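*Asks:* Take a look and give me a structure for this.
(4 chains)
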2 protein chains.
Amino acid sequence: MVLLRQGMQHVRNYYNSEAQMIRNNFSRSTFISQTYKSSFLKQRSKADNKLLAAKKHSEAEKRRRMRINGQYDTLRDILPNLIKKDKASILVETIKQVKELKKKALKLEEDNHGTTKEVKFPSGVDKLNLEKCNDEKGLVKATLSCEDRPGLMSSIARALGSMKAKVVKVEMVTVGGRNRSVLWVQGVENEGLGMLKSTLKVVMHKPSFKMRRFTQ
Amino acid sequence: MVLLRQGMQHVRNYYNSEAQMIRNNFSRSTFISQTYKSSFLKQRSKADNKLLAAKKHSEAEKRRRMRINGQYDTLRDILPNLIKKDKASILVETIKQVKELKKKALKLEEDNHGTTKEVKFPSGVDKLNLEKCNDEKGLVKATLSCEDRPGLMSSIARALGSMKAKVVKVEMVTVGGRNRSVLWVQGVENEGLGMLKSTLKVVMHKPSFKMRRFTQ
DNA sequence: ATGTACACGTGACCC
DNA sequence: TGGGTCACGTGTACA
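*Replies:* I've put the predicted structure just below:
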């Protein structure tokens, strides 16, 4: 009886060892009874060879098991908070950890290089975006891209100073006549958020002569 | 009996009905001749129970194997650049990845907090440092740490605006009443360097009644 | 022919 | 005592 199932990656052949074993035993015993007198020594050496091969085989299999189980042991060591020590649970937990670590590393990498490379340069079109940083309480990150002009930094500084919010961090980049500013503001309430936004929007699009009047 | 199997995701339980059939037939027939008169039903139920238990056992074991192998399959999926697909190699590679990712995540985290802690956070004592960035022409990096006060950003902005130099990038961090500002300025000549320095020094130490009112 | 890797069934052990 | 886990030896396929 043959069951055919096809594999995507690992196509292997499976057979039922039990039925096979039964068949083998049967054929073996009948065979021995038939050739007992004719080729005893040959049979014996054959049997010894078979036994030796079996021993080698089982030893190799044991080495394989030990190799695998050794890896399980090290996994048990490097995995923190491992409640269930059984193999399946170890693998499950390992997979979980790998996925988590991958995501974490990716995020950290993006955070690091993103703020230094891609996100940092000003956009060609004017933009204003406010977002809450959920990792800290009441911290809001405001990102704006606009045309650069003399006194832009002063304008932004004054706009921020006019609010009761506290500016924790500022990052401004000017290149090619465009400016990108990121402001981390703490202590803005929900209504203050809209005020901050409108204030920044005014600053972004304020004509230069107005700014000049303010700065002087 | 040959099973050609596919599939990591849809694992199903197969057992060999052929071997089972053979065994059943055999035990039943031998038994009939031996215990026909004494305890037919009892014997039969006993043998069947044993067989049933064995079957349950092997099926459970098969389920266990499948559970484990399923995890191996998902490991094969999420691990990149997996050359050797065998179990031991998978575990070895997994361990390697976990260690690497842990180290990487730790390093990135330290980098993040490191630049936010040691380099980025304001110094407790007032500092002013100018240095030329040799990687770009005429780019000067000015780093200053001083007491924070309302309008500090405006002051710095105005001071920079009063100079003909072009501010390429600004980074300001305020925490614990202290401020650290890093300014990347382009187009300052050698004499302008001293001017920039003295100007910033004035800004740093400018007394502010407003500040006093805030801090007390 | 030789070695490597896998699934299988089974005895043993532990809640 | 039954369900869950493990190690073991074995049969088989593949290179």
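*Asks:* what's downstream of the longest helix along chain A, the next helix or strand?
*Replies:* Criterion DSSP state H: the longest helix present in chain A is helix A:40-78. Per DSSP states H and E, helix A:40-78 leads on to helix A:87-113 as the next helix or strand towards the C-terminus.
*Asks:* ok, and does that following helix reach over to chain B?
*Replies:* Yes - using C-beta under 8 Å from any C-beta of the partner chain, helix A:87-113 reaches chain B at A:87-88, A:91-92, A:94-95, A:97-99, A:101-102, A:104-105, A:108-109, A:111-112. Where you see a C-beta, it was placed from the backbone N, CA and C, and this is true even at glycine.
*Asks:* after that helix, next one along is what?
*Replies:* strand A:127-133.
*Asks:* Just the CA atoms of that next one, as PDB, please.
*Replies:* C-alpha atoms of strand A:127-133 as PDB (Å, rounded to 0.1, in the frame of the first residue of the first chain):
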ATOM      1  CA  LYS A 127       4.700  69.200   6.600                       C
ATOM      2  CA  LEU A 128       3.600  69.300  10.200                       C
ATOM      3  CA  ASN A 129       3.000  66.200  12.200                       C
ATOM      4  CA  LEU A 130       2.300  65.700  15.900                       C
ATOM      5  CA  GLU A 131       2.500  62.400  17.600                       C
ATOM      6  CA  LYS A 132       2.400  61.200  21.100                       C
ATOM      7  CA  CYS A 133       5.300  59.200  22.400                       C
END
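*Asks:* Next up, the contacts around A:Thr94.
*Replies:* By C-beta atoms under 8 Å, 6 or more residues apart in numbering or on different chains, the contact set of A:Thr94 is A:75, A:79, B:71, B:75, B:94, B:98.
*Asks:* Tell me if I'm right that the last one and A:Ile78 touch.
*Replies:* Yes - with contact defined as C-beta atoms under 8 Å, B:Val98 counts as touching A:Ile78 (6.1 Å).
*Asks:* More neighbours: which of these two?
*Replies:* The residue with more neighbours, out of B:Val98 and A:Ile78, is B:Val98; 18 against 13, by other C-beta atoms under 10 Å in any protein chain shown.
*Asks:* domain parsing for chain A?
*Replies:* A:49-100, A:127-205 (the TED database).
*Asks:* Out of those domains, which one sits most buried?
*Replies:* domain A:127-205 (a mean of 17; mean count of other C-beta atoms under 10 Å in any protein chain shown).
*Asks:* Is that domain in proximity to chain B?
*Replies:* Yes - against chain B, domain A:127-205 shows contacts by C-beta under 8 Å from any C-beta at A:150-151, A:153-154, A:156-158, A:160-161, A:166-175.
*Asks:* List the residues that contact the residue lying closest to A:Met195 once chain neighbours are set aside.
*Replies:* Spatially, and ignoring its direct neighbours in sequence, A:Met195 is nearest to A:Met163 (6.9 Å; C-beta to C-beta, 6 or more residues apart in numbering or on different chains). Shown in contact with A:Met163 (C-beta under 8 Å, 6+ apart): A:185, A:188, A:192, A:195-196, A:199.
*Asks:* List the ones among these that fall in strands.
*Replies:* Under the assignment DSSP state E, the contacts of A:Met163 contribute A:Val185 to strands.
*Asks:* rewinding a little: dump the domains of chain A into JSON lines; add mean pLDDT as well.
*Replies:* Shown next, in JSON lines, are the domains of chain A (pLDDT from 0 to 100):
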{"stretch": "domain A:49-100", "mean pLDDT": "92"}
{"stretch": "domain A:127-205", "mean pLDDT": "88"}
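*Asks:* Next, format those as JSON lines and append distance to B:Ser145.
*Replies:* Formatted as JSON lines, the domains of chain A follow (distance: least, C-beta to C-beta, whole Å):
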{"stretch": "domain A:49-100", "distance to B:Ser145": "37"}
{"stretch": "domain A:127-205", "distance to B:Ser145": "14"}
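*Asks:* picking up where we left off before, tell me which of the residues of domain A:127-205 next to chain B fall in strands.
*Replies:* Per DSSP E, the residues of domain A:127-205 next to chain B map to strands at A:166-175.
*Asks:* Nearest to B:Arg180, out of the residues you listed: which one, please.
*Replies:* The closest of these to B:Arg180 turns out to be A:Lys169 (C-beta to C-beta; 9.6 Å).
*Asks:* Was I right to think A:Ala157 contacts B:Ala159?
*Replies:* No - between A:Ala157 and B:Ala159 there is no contact under C-beta under 8 Å: 11.4 Å.
*Asks:* quick one, what contacts A:Val173?
*Replies:* A:120-122, A:179-181, B:168-170.
*Asks:* If we use 10 Å, what do you get?
*Replies:* The contact partners of A:Val173, by C-beta atoms under 10 Å, 6 or more residues apart in numbering or on different chains, come to A:119-122, A:145, A:148, A:179-182, B:167-171, B:184.
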